[in-house]
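*Asks:* Next comes the sequence, and after it the predicted model I'd like to discuss.
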Amino acid sequence: DLWLISMSGVFGSLLIAAAFGWTTLAPSPHARQPVAAAVSALAVPLTADARVAARVAAPLRPARVAGAARMDLHLDDAKQPIGVGIVGCGRIGIVHLDTLRKCPKAKVTSIGGSSSEETVRALAQKYNVAHYSKDADEVIRHPSVQAVWICSPSQYHAQQIRLAAELGKDIFCEKPVATELDETIEAVRFARSKGVKLMVALQRRYDPNFMRVKLAIQSGEIGSPVQIKLTSRDPSPPPKKYVEGGGGIFKDMAIHDLDMSRFLMGEEPIEIFATGSCMIDQSISDLPGPEAFDTAAIIVKYSEGRTAIIDVCRQATYGYDQRAEALGTKAMVMTDNMYPNTARAFTKDFVGMADLPYDFFMSRYIAAYEAETIAFIESIEQGPSADAPVTGEDGVVALAMAIAAGKSAEEQRWVKISEILPTIAEKAPPREAPPRERLGAFMRSIAAFGRDYAGSKAA
């Protein structure tokens with residue numbers, strides 16, 4: 001935890017540096033290049049883009065539960081910020097803390113949920129947060145907290161969602177909602193029953209690059225989608241401790257790409273085929289199932305033969321590799337990696353970008369973190385009439401896709417999504433069906449799965 005505090009200065013400096021137009025990330029001696037123009041180009045339209053993404057971010061928009069007890073968080077006074085409590089003081093918690101500081105409509109009023117009181121106190125002092133506690137429940141219960149950001153380890157997410165929902169507080173939860181599918185479904189259903197918003201942090205939906213691809217598909221610019229390709233490669237493998245017990249590469253890494261394929265296609269997946277191997281880090285080769293994989297390839301089949309092809313790897317020596325391509329019947333659109341600047345070097349030995357791509361998600365997705373934060377805060381301001389831009393149900397489907405990919409890799413066969421979430425794919429209405437009809441089918445599927453799963457466990 002103390003290491004995280006010291007490193008938070010680095011991460012905070014990175015975010016501040018991007019905002020003020022300079023960076024020291026790039027390895028080249030020419031690395032100190034202005035990036036203000038690039039940041040401004042991304043940031044200026046993001047509020048509007050975030051609203052667009054909030055409308056199209058998920059194919060399904062479940063309605064709020066009428067009459068459920070909850071806190072009235074609608075702000076009549078636009079200047080009154082929403083009180084936010086952050087649970088979890090690790091790397092991603094600090095990223096959200098930095099992001100929320102930039103949002104005038106939100107104010108972090110409490111932070112906590114760490115094994116070290118010194119860690120929490122240091123963060124609270126550094127970020128001028130009025131209340132802090134080692135106890136995550138105390139943060140959630142604090143009267144100044146109107147919305148809870150859950151950034152704790154995954155095994156605590158479900159119980160913290162239940163507590164916040166019971167108190168009528170809206171919830172922003174880092175993925176996954178829970179580590180197991182039945183627990184995820186139960187947490188999502190409980191939040192719905194209490195009438196609170198539950199947003200799952202699938203921030204790539206708010207990245208300007210991916211949003212532009214989505215727009216090209218949704219507007220018909222490329223015609224009817226035929227094939228989507230997604231590449232996701234980390235700069236270096238994580239520690240074995242991170243991989244162990246996390247469910248493997250499909251759950252802790254490829255889940256973002258699986259969700260992105262669904263987001264871009266705009267419909268539910270039908271079946272998945274996946275394969276994995278250990279090519280980089282032999283220290284994880286003795287772990288069970290997909291946890292032993294550091295490299296994987298996935299094919300997701302959608303309606304009418306549409307496919308998404310995904311490749312992931314835990315190491316790319318040249319930087320953080322995040323690319324997308326969508327082929328349609330009329331055209332193709334693709335994105336490239338993002339760099340700290342647009343400088344190119346020309347020498348007798350090399351011609352190309354002067355610096356490597358951004359080195360990890362904390363620098364690559366700054367704009368996306370800001371946009372998803374704005375979108376959720378705006379949905380809270382709108383009150384019960386607006387749902388979370390990325391719902392708990394989206395988290396359910398993303399996890400189901402990751403589970404299907406893991407099962408496919410282990411059994412070396414196509415796995416239908418209906419094996420994981422019965423009826424969601426095969427009996428779902430067509431993609432052009434009214435949203436209410438699609439929603440009804442989805443919620444019936446969730447309910448049916450909950451009953452079937454409970455029955456199978458009892459047996």
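*Replies:* Done, it's in. Model, not experiment: these values are computed from the prediction.

*Asks:* Am I right that Met199 falls within a strand?
*Replies:* Yes - residue state for Met199 (DSSP: H, G, I helix; E, B strand; the rest coil) corresponds to a strand.

*Asks:* And for it, the neighbour number?
*Replies:* Around Met199 there are 27 other residues, counting by other C-beta atoms under 10 Å. (Each C-beta comes from the backbone N, C-alpha and C, glycine too.)

*Asks:* give me the low-pLDDT residue ranges for the stretch 301-450 of the chain?
*Replies:* 423-450 (pLDDT under 70).

*Asks:* Where do the strands of it begin and end?
*Replies:* 307-313, 321-328, 332-334, 344-346, 351-353, 415-416 (DSSP state E, counting those that start in this stretch).

*Asks:* Present those as a markdown table; the columns should include mean neighbour count and distance to Lys169.
*Replies:* Listed next are the strands of the stretch 301-450 of the chain as a markdown table, based on neighbours: other C-beta atoms under 10 Å; distance: least, C-beta to C-beta, whole Å:
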| stretch | mean neighbour count | distance to Lys169 |
| --- | --- | --- |
| strand 307-313 | 21 | 34 |
| strand 321-328 | 20 | 33 |
| strand 332-334 | 15 | 39 |
| strand 344-346 | 11 | 49 |
| strand 351-353 | 12 | 45 |
| strand 415-416 | 20 | 37 |
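
*Asks:* and Asn128, which of the ones you listed is closest to it?
*Replies:* strand 321-328 (33.1 Å; C-beta to C-beta).

*Asks:* Check the offset of that closest one from the chain's centre.
*Replies:* 18 Å (C-alpha atoms, centre = their mean, to the nearest Å).

*Asks:* What of stretch 131-147?
*Replies:* 23 Å.

*Asks:* what residues does it touch?
*Replies:* 71, 73, 82-88, 106, 109-117, 120-121, 123-124, 130, 148, 152, 156, 160, 163-164, 167, 169-172, 376-377, 380 (C-beta atoms under 8 Å, 6 or more residues apart in numbering).

*Asks:* Are any of those residues buried, and if so which?
*Replies:* 73, 82-88, 106, 109-114, 120-121, 123-124, 148, 152, 160, 163-164, 167, 169-172, 376-377, 380 (16 or more other C-beta atoms under 10 Å).

*Asks:* Out of these, which sit inside strands?
*Replies:* 82-87, 106, 109-112, 148, 170-172 (DSSP state E).

*Asks:* Return the member of those nearest to Tyr206.
*Replies:* Nearest to Tyr206, judged by C-beta to C-beta, of those is Phe172 at 12.8 Å.

*Asks:* In this model Ile161 seems to touch that closest one, though I could be wrong.
*Replies:* No - under the criterion of C-beta atoms under 8 Å, Phe172 makes no contact with Ile161, lying 10.4 Å away.

*Asks:* Can you check which residues contact both of the two?
*Replies:* Joint contacts of Phe172 and Ile161 (C-beta under 8 Å, 6+ apart) are Ile150.

*Asks:* and Ile299, what does it touch?
*Replies:* Counting by C-beta under 8 Å, 6+ apart, Ile299 touches Ile272, Phe273, Ala274, Thr307, Ala308, Ile309, Ile310.

*Asks:* Which residue comes closest to the last one once chain neighbours are left out?
*Replies:* With C-beta to C-beta, 6 or more residues apart in numbering as the criterion, Ile310 has its nearest non-adjacent residue at 4.2 Å, and that residue is Ile298.

*Asks:* and the one you found, how many residues sit next to it?
*Replies:* With other C-beta under 10 Å as criterion, Ile298 counts 27.
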